[in-house]
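Engineer: below are the sequence and a predicted model; questions follow.
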Amino acid sequence: MQYNTDNQGRRGFLVRATQALSALIGGALGIPAFVYLFTPAKSHSTGGWVDAGDISQLKLNAPEELPFRRVRMDGWKIITEKSTAWVVRLSEKEVVAYTPQCTHLGCAYHWEESKGQFLCPCHTSNFSIDGKVLNGPAPRPLDRYLVKVDGTRLLIGPEQSKTKGA
Amino acid sequence: MRTILDWLEDRTGAPSAIQHFLDEEIPASAGWHQVFGSVAMFLFITQAFTGIMLALNYAPTPGEAYNSLRYIMTELTGGALIRGLHHWGASMMVIIVVLHMVQVFLWGAYKKPREATWMMGVILLLVTLAFALTGYLLPWDNRAYWGTVVTTQISASAPGAGPYVLRLMGAENGVGVVTFARFYAVHVLVLPPLTMLLILLHVYLVRRHGVAPAPGDELKPKQKFYPRQVFKDTAAISLAFIVLFSLAVIAKAPLGRLADPTDTTFIPRPEWYFLFLFQLLKYCEGPLEILASVVLPTLGVGLLFLVPFLDRAPVIRVTKRTTAFAIVILAAITWTGLTTAAVRSTPPEAFAADREGPMEWRDLTPEELAGVAYFKSESCGTCHTLGLRQEDKPGPNLGAGGAARDAAWMIAHFKQPASMVPGSQMPSVSLSDSQLNAMAAFLLKLTPQNAMKMQDIPQYVLEGAALYQKNRCNMCHQVNGVGMKSGPPLNGLAHRRDATWVKGHFLDPQKFTKDSMMPAYPFTAQQNETITKYLLSLP
């Protein structure tokens, strides 16, 4: 069989041009897709301070789980969801609010009255009343919300930056 | 590298299979006129890719579809581009598939032994149109909704099969959640694998019979598919891609208002490539309607399908195929004529309104809109945020949907803030009672969902509504069902009067309507312009 063969130089040019054009198209589709998937949405912040209730009855060193409602951006929706915080009055002046998830893998922990510790049932991490890790796999102390006290009302803000810890 | 290739060759045989594919022998006459099939395949792959990207952030239910698509287009980086590529890619796909068919038709490449390849191609054309039809509903804006209502009604008119087709589309009781689910399922679950299978068969048949030769090719040496024809295909693909990408960047893919089944002002129009059918439907009234809606399209597809059997003459040179050229030109003229007529008969706002984006403000009464105007003129935004944008401002965020107060509380608070909230640093608002009322009315309408959008209301709307409110137009007229009825309601005014009429009417009502009870309003030219523009934009 006889073929209409191109000379080597022309053939090489065609091959390289085909490859270059394919790469350009791939990039023009791939880069926007990458940015689209890995860039956070433009408005994603949550609401400001939320009232979590009266803390005048809160006893010293007796943690209580207080429920509150918070407004949050969930994709294209603004949702109000129920949330809780473990609130402890550490001294007359200092009140802290821990986020209700264990810092290990996010299980809900609880206050073990008899031991005077926070206990996570999933992998038995224990935390002291001031949030420090006593034992178990938890990598850092309990995370905290920013708090403000307005008279007898406790106002809960966004979560404190995790790197600072307790 | 070598060893990996060897291993792949030994275990899978893939490299030599690819080599075999690239080394396909094609006739000497093959060239630029045969690139359309590859471009169509490329566009299908692009549609699949951008479609998957969209699906990763899209919620396919009528309740969520519109908002999630808006989120993709406004909140996600690159989202508008990806939707643009998918939107314009759909149109381009139709164009390229048709061009592909025209080329094959003109060159007579459907003739023996390639009849089945052609018929498979006709099915692929139908599949492409089915993609377009089902995808049209998915943005769930007015365009999508009303366009699909008309489509389902046309299908319902098919003799005999009508009710069954309607049931299959889940549209027996109107276009709703079931219709949406069916269209989405067909668009993403049924059509893509079907298309892939058909393309595979189509390409298999092309390989089986070889690329159609032109007369005289037998005498010339054959060429290989790679690299010359592959380069031509790639160059054509690149050109198509540049056009597509530019469209996606420059022309914003439309997303109109959220679908509103009660919106009687919307003028439904199908996508441009279906406009000719729409126009045809207009010419056939009464008993003839069935002709345009069912008979002619079915006949057209049937004829197209049977082309290889209607023309069994041997292959001749493309330049000598005068009948084929005449048919294509005739079809093109008919299509262009019908489409132009349809575009001409479309009021400009049917297209324009589509591109202005959502207009939530249209649901607000003039009083509420005036409230927004006062909110802005009193610079309330200096201390208060609307919506969720986290900004450090001294006053509470009014759009967070927190503590809801009633109007009486708000008005008392506007007048003497500290009397309602002890220790409040807010200065009292010095507006009249009716203005405070308007502001309270607006704040009561505020939800976390609409707060952000409230900030984007055009200025002429706010000023026009404030003028409307100040001159107490509501004592005689109704807008959105609020106000008295002694004068005509003002919604849809644009369908009855033009700007010159409205402006002149304000200055001297009796000149235009002899027995009008309306007093003259000596607006300045600027004021007259603003309030007229506002009134004419009412739905």
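Structural biologist: Right, received. Where do you want to start? Treat the numbers as computed from the prediction; the structure is a model and nothing was measured.
Engineer: all contacts plus neighbour counts: C-alpha atoms, from now on.
Structural biologist: OK.
Engineer: tell me what A:V95 is bridged to.
Structural biologist: Beta-bridge pairing for A:V95 (DSSP bridges): A:R89.
Engineer: quick one: contacts for B:A341?
Structural biologist: B:Q279 (Cα atoms under 8 Å, 6 or more residues apart in numbering or on different chains).
Engineer: can you show me the strands along the stretch 351-500 of chain B?
Structural biologist: For the stretch 351-500 of chain B, the strands defined by DSSP state E, counting those that start in this stretch cover B:478-479, B:482-483.
Engineer: just those: most buried one?
Structural biologist: Ranked by mean neighbour count under mean count of other Cα atoms under 10 Å in any protein chain shown, those are led by strand B:478-479, which reaches a mean of 22.
Engineer: residues in contact with that strand?
Structural biologist: B:365-366, B:484-485, B:487-491.
Engineer: so which of the residues you listed is the closest to B:A90?
Structural biologist: B:A90 has its nearest neighbour among the contacts of strand B:478-479 in B:N491, at 36.0 Å by Cα to Cα.
Engineer: now the residue lying closest to B:T179 once chain neighbours are set aside: how far from A:A41?
Structural biologist: Computed as Cα to Cα, 6 or more residues apart in numbering or on different chains, the closest residue to B:T179 that is not its neighbour in sequence is B:G170, at 4.5 Å. Separation of B:G170 from A:A41 (Cα to Cα, to the nearest Å) stands at 35 Å.
Engineer: which residue ranges make up the domains of chain A?
Structural biologist: A:1-39, A:50-159 (the TED database).
Engineer: please say which of B:G170 and A:A41 ends up with more neighbours.
Structural biologist: With neighbours defined as other Cα atoms under 10 Å in any protein chain shown, B:G170 and A:A41 compare such that B:G170 has more, 20 against 17.
Engineer: where does that one land in three-state SS?
Structural biologist: coil (DSSP: H, G, I helix; E, B strand; the rest coil).
Engineer: quick one: contacts of the helix or strand encompassing B:I199?
Structural biologist: Element membership for B:I199, per DSSP states H and E: helix B:191-209. Helix B:191-209 is contacted from outside by B:48, B:113-114, B:116-117, B:120-121, B:124, B:127, B:130-131, using Cα under 8 Å, 6+ apart.
Engineer: repeat that with 10 Å
Structural biologist: Under the criterion Cα atoms under 10 Å, 6 or more residues apart in numbering or on different chains, residues B:21, B:24-26, B:37, B:41, B:44-45, B:47-48, B:112-121, B:123-124, B:127-128, B:130-131, B:134, B:185-186, B:210-212 lie in contact with helix B:191-209.
Engineer: and the residues you listed, which are buried?
Structural biologist: Among the contacts of helix B:191-209, the ones that count as buried by 16 or more other Cα atoms under 10 Å in any protein chain shown are B:25-26, B:37, B:41, B:44, B:47, B:112, B:114-121, B:124, B:127-128, B:130-131, B:134, B:186, B:211-212.
Engineer: can you tell me if the helix or strand just after the helix holding B:I199 touches chain A.
Structural biologist: Note on helix B:191-209: by DSSP H and E, the next helix or strand toward the C-terminus is strand B:223-224. Yes: with Cα under 10 Å from any Cα of the partner chain as the criterion, chain A is reached by strand B:223-224 at B:223-224.
Engineer: about what we covered before: which ones among the contacts of helix B:191-209 map onto strands?
Structural biologist: Counted as lying in strands by DSSP state E, out of the contacts of helix B:191-209, are B:25-26.
Engineer: thinking again about what came up before, deepest of the domains of chain A, which one?
Structural biologist: domain A:50-159 (a mean of 17).
Engineer: who in the stretch 1-150 of chain B is up against chain A?
Structural biologist: Within the stretch 1-150 of chain B, the positions adjacent to chain A are B:25, B:27-28, B:46, B:49-50, B:53-54, B:56-59, B:64, B:66-72, B:74-82, B:85 by Cα under 10 Å from any Cα.
Engineer: go again with 8 Å.
Structural biologist: Taking Cα under 8 Å from any Cα of the partner chain as the test, the list of the stretch 1-150 of chain B residues beside chain A reads B:28, B:53, B:67-68, B:70-71, B:75-79, B:81-82.
Engineer: quick one: end-to-end distance for stretch B:384-396.
Structural biologist: Termini of stretch B:384-396 sit 6 Å apart (Cα to Cα).
Engineer: ok, and the helix or strand in chain B with the lowest average confidence?
Structural biologist: Least confident helix or strand of chain B, by mean pLDDT, DSSP states H and E, is helix B:348-355 with a mean of 47.
Engineer: so the residue nearest to B:T179 makes contact with B:Y164?
Structural biologist: No: the criterion here is Cα atoms under 8 Å, and B:G170 misses it with B:Y164 at 9.7 Å.
Engineer: now the residue positioned nearest the centre of chain B: how far from B:A132?
Structural biologist: In chain B, the C-alpha nearest the mean C-alpha coordinate belongs to B:P254, at 4.9 Å (Cα atoms, centre = their mean). According to Cα to Cα, B:P254 and B:A132 sit 15 Å apart.
Engineer: ok, A:G136 next?
Structural biologist: Separation of A:G136 from B:A132 (Cα to Cα): 57 Å.
Engineer: A:C120 against A:Y109, yeah?
Structural biologist: Yes: between A:C120 and A:Y109 there is a contact at 4.2 Å, judged by Cα under 8 Å.
Engineer: what residues are shared contacts of those two?
Structural biologist: Common neighbours of A:C120 and A:Y109, counting by Cα under 8 Å, 6+ apart, are A:C102.
Engineer: which ones are touching the residue nearest to B:A407 when sequence neighbours are not counted?
Structural biologist: Leaving aside its chain neighbours, B:A407 sits nearest to B:A440 (5.5 Å; criterion: Cα to Cα, 6+ apart). By Cα under 8 Å, 6+ apart, the contact set of B:A440 is B:371, B:407, B:410-411.
Engineer: from these, which land in helices?
Structural biologist: Among these, the ones falling in helices (DSSP state H) are B:371, B:407, B:410-411.
Engineer: ok, so of these, who is nearest B:L535?
Structural biologist: Closest to B:L535, out of all of the ones in helices among the contacts of B:A440 and judged by Cα to Cα, is B:G371, at 17.0 Å.
Engineer: pull the number of nearby residues for the residue nearest to that closest one when sequence neighbours are not counted.
Structural biologist: Nearest non-adjacent residue to B:G371, counting by Cα to Cα, 6+ apart: B:M439, 3.7 Å away. If you count neighbours by other Cα under 10 Å, B:M439 ends up with 25.
Engineer: you'd agree B:M439 is up against B:V372?
Structural biologist: Yes: the pair B:M439 / B:V372 is scored as a contact, 6.6 Å apart, by Cα under 8 Å.
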